[in-house]
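Student: give the three-dimensional model of this entry:
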Amino acid sequence: MRTLGALFAILAMASCSDPLGPSQVRTYVALAAGAEHTCAVTDEGSAYCWGRNRDGQLGTGGTADALVPHPVNTEVRFTDVTAGDAHTCALATDGRAFCWGWNAYYQLGRTYWADNRVPQPIESAARFVQISAGAHHTCGLSAEGRVQCWGYNRFGQNGNGKTVTTILPEEVAGDLRARSVAAGGSHTCVLTVAQSAICWGLNDLGQLGIGSDVLLVPTPTPVKSSLRFTALDAGRTHTCGIAGGLAFCWGSAVHGEIGDGVPFRPGLPGPSSPAQVRQLTKVTAISAGTHQSCAVAKFMSFCWGAGEWGQLGNGDTRDSPVPQDVLLQPRNAMLFTPLAAGGLTHACGINSGIVYCWGTGWVGQLGAAESTFSVLPQRVSDR
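Tutor: I've put the predicted structure just below:
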C-alpha cells in the first residue's frame with residue numbers, strides 16, 4: 001500500500017491556522033490512503049493529514065478527527081508518505097524514517113509500546129529511499145536494495161523467517177536486491193533489480209502469487225511468473241503489478257479487485273498467480289487497496305473492484321470486475337497521478353498538485369470539510 005509518481009500544480013489554502021498563511025500556496029506531490037485517514041506531502045516537504053485520528057495517526061499531537069488537512073506537528077521535511085490501518089510513516093529528506101499513530105505491534109519501529117501522536121524517528125541508523133506501511137507492519141528499502149521490516153509478524157510478513165512481532169527494523173532473509181517494496185495487509189512483496197516479483201507472509205487468498213495454497217510463507221518466495229515487472233503494489237489481500245505495459249493482479253477477488261472480468265468469487269481465493277487485468281494497455285502506475293485497485297493507463301485513471309461506497313470514483317456504487325474510468329464529473333475522465341487506493345472505503349489521487357478523494361468520508365478521510373459520501377472525486381478542501 002504505497003503511492004507512485006507525482007504531477008505538480010498549485011492548491012491555494014485558506015486555513016488561518018495553517019503555518020503557511022492564507023495568502024500562500026501549496027502543491028502536493030506525494031499521497032497515501034490509510035484505512036480511514038489520508039496524508040499528503042507538499043513540494044516543500046510539509047506533511048498534512050486528515051480523517052480518523054483515534055490513535056494519533058494524523059500526527060497533529062492530539063486524537064481529534066480532522067475533516068480538512070491539518071499540518072503534521074513537526075519541523076522535519078519529508079519526500080514521501082505511507083499509511084497503514086492506523087499508523088503513518090514518512091521518509092525525511094536525509095533518508096530517515098519517521099512514524100506516528102498506533103503502535104500496539106511496534107509498527108512505529110520503536111522499543112516502547114506506546115502510540116506516537118507526533119512523528120518520531122524509528123530506532124535505527126538505517127537510511128531508506130522508500131518506505132511502505134502495511135496494515136500493522138512497515139518496511140523500508142535502502143539505496144543498496146536491502147529491505148528491512150518491523151511490526152506485526154504473526155503471518156511472517158516481515159520476511160525474517162519468524163512469526164513473532166519484530167520490535168525494531170530487521171533485514172529480510174536471503175540475499176535480496178530490491179528496486180521497490182510494497183507492504184500489504186499481512187503480506188509483503190518486492191520488485192527485484194532483475195524485475196522479478198518476490199512475496200512473503202499470509203497467503204490464504206493467493207496474495208503471494210506463488211501458485212500454491214500454502215497458508216503462510218515467512219521468507220521471500222518468487223511469484224510464479226516469467227513476467228518482467230516494472231511496478232508492484234500490495235493491497236490488503238491482493239497484489240498488482242505492471243509488466244510490458246499491462247496490468248496483472250493476483251489474490252483475493254471477492255469484489256472483482258483482480259480486474260480479470262471473472263464474476264465475483266465470494267468466500268473463494270482468487271488466482272494464485274498473476275492474472276491480466278482486462279482492457280488496460282500502456283499502464284504506467286498501479287495501486288492496490290482494500291478490495292479495490294486503481295491504475296493509470298493511456299493518461300487516464302481507472303479503478304475496479306469494490307464500489308459499494310463509491311470508491312471506484314465512476315459515479316456508481318456497484319462492484320466492477322473490470323476497470324472503470326475515474327470521473328471528475330459524469331462523462332469527464334481525469335488523470336490522477338499518484339493514485340492511492342489503500343483506504344478501506346475511499347481512494348484519492350493528485351491532479352496538477354491538487355488532491356481529490358472519493359468514497360466514504362464519514363470521519364473526514366475525503367478532506368471535504370464535512371463528513372460525506374461521494375461517488376465522484378472531490379477536491380480536498382482548501383479551508
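
Student: just say helix, strand or coil for Phe98.
Tutor: Here Phe98 is strand, with the state taken from DSSP: H, G, I helix; E, B strand; the rest coil.

Student: what is the neighbour count of it?
Tutor: 25 (other CB atoms under 10 Å). In this view, the C-beta of every residue, glycine as well, is placed from N, C-alpha and C.

Student: isn't it right up against Ile122?
Tutor: Yes - Phe98 sits in contact with Ile122 when judged by CB atoms under 8 Å, with a separation of 7.3 Å.

Student: got a list of what the spatially closest residue to Ala86 that is not a sequence neighbour touches?
Tutor: Leaving out its chain neighbours, the residue that sits closest to Ala86 by CB to CB, 6 or more residues apart in numbering is Trp102, at 3.9 Å. Contact analysis of Trp102 by CB atoms under 8 Å, 6 or more residues apart in numbering lists Asp55, Gly56, Gln57, Asp85, Ala86, His87, Asp115, His136.

Student: the second one: what's it in contact with?
Tutor: So the one you mean is Gly56. Applying CB under 8 Å, 6+ apart to Gly56 gives the contacts Gly62, Thr63, Trp100, Gly101, Trp102, Asp115, Asn116, Arg117, Val118.

Student: also the fifth one?
Tutor: Contact analysis of Ala86 by CB under 8 Å, 6+ apart lists Gly34, Ala35, His37, Arg52, Arg54, Asp55, Gln57, Gly101, Trp102.

Student: please redo it, this time with the cut-off set to 6 Å
Tutor: By CB atoms under 6 Å, 6 or more residues apart in numbering, the contact set of Ala86 is Asp55, Gln57, Gly101, Trp102.

Student: out of the residues you listed, which are buried?
Tutor: Those of the contacts of Ala86 that meet the buried threshold are Asp55, Gln57, Gly101, Trp102, by 16 or more other CB atoms under 10 Å.

Student: against Leu108, how distant is the residue nearest to Ala86?
Tutor: Distance, Trp102 to Leu108, using CB to CB, to the nearest Å: 8 Å.

Student: Lys224: how many residues sit nearby?
Tutor: 15.

Student: Cys240 versus that one, what's the distance?
Tutor: Distance, Lys224 to Cys240, by CB to CB: 15 Å.

Student: repeat for Ala104
Tutor: 28 Å.

Student: comparing those two, which residue is more hemmed in?
Tutor: More crowded of Ala104 and Cys240, by other CB under 10 Å: Cys240, with 30 against 16.

Student: report the buried residues of stretch 71-83.
Tutor: For stretch 71-83, the neighbour count (16+ other CB under 10 Å) marks Pro71, Val72, Thr74, Val76, Phe78, Thr79, Asp80, Val81, Thr82, Ala83 as buried.

Student: can you list contacts of it?
Tutor: For stretch 71-83, the surrounding residues in contact (CB under 6 Å, 6+ apart) are 2, 30, 32, 34, 39, 41, 45, 47-49, 59-61, 89-93, 118-119, 131-133.

Student: in strands only, show me those residues.
Tutor: Among the contacts of stretch 71-83, the members found in strands (DSSP state E) are 30, 32, 39, 41, 47-49, 89-92, 118-119, 131-133.

Student: tell me which two of those sit farthest apart.
Tutor: The span of the ones in strands among the contacts of stretch 71-83, defined through CB to CB, is set by Val118 and Ser132 at 21.3 Å.

Student: those two: who's more crowded?
Tutor: A count of neighbours by other CB under 10 Å puts Ser132 above the other of Val118 and Ser132, at 31 against 15.

Student: partners of that one in the sheet?
Tutor: Here Ser132 sits in beta bridges with Cys139, as judged by DSSP bridges.

Student: residue contacts, it?
Tutor: Arg2, Thr82, Cys139, Val181, Ala182, Ala183.

Student: for the third one, give me the pLDDT.
Tutor: Predicted confidence (pLDDT) for Cys139: 98.

Student: okay, now Gly45: neighbour count?
Tutor: Neighbour count for Gly45, taken as other CB under 10 Å: 15.

Student: dump the residue contacts of it.
Tutor: Gly45 neighbours (CB under 6 Å, 6+ apart): Arg77, Phe78.
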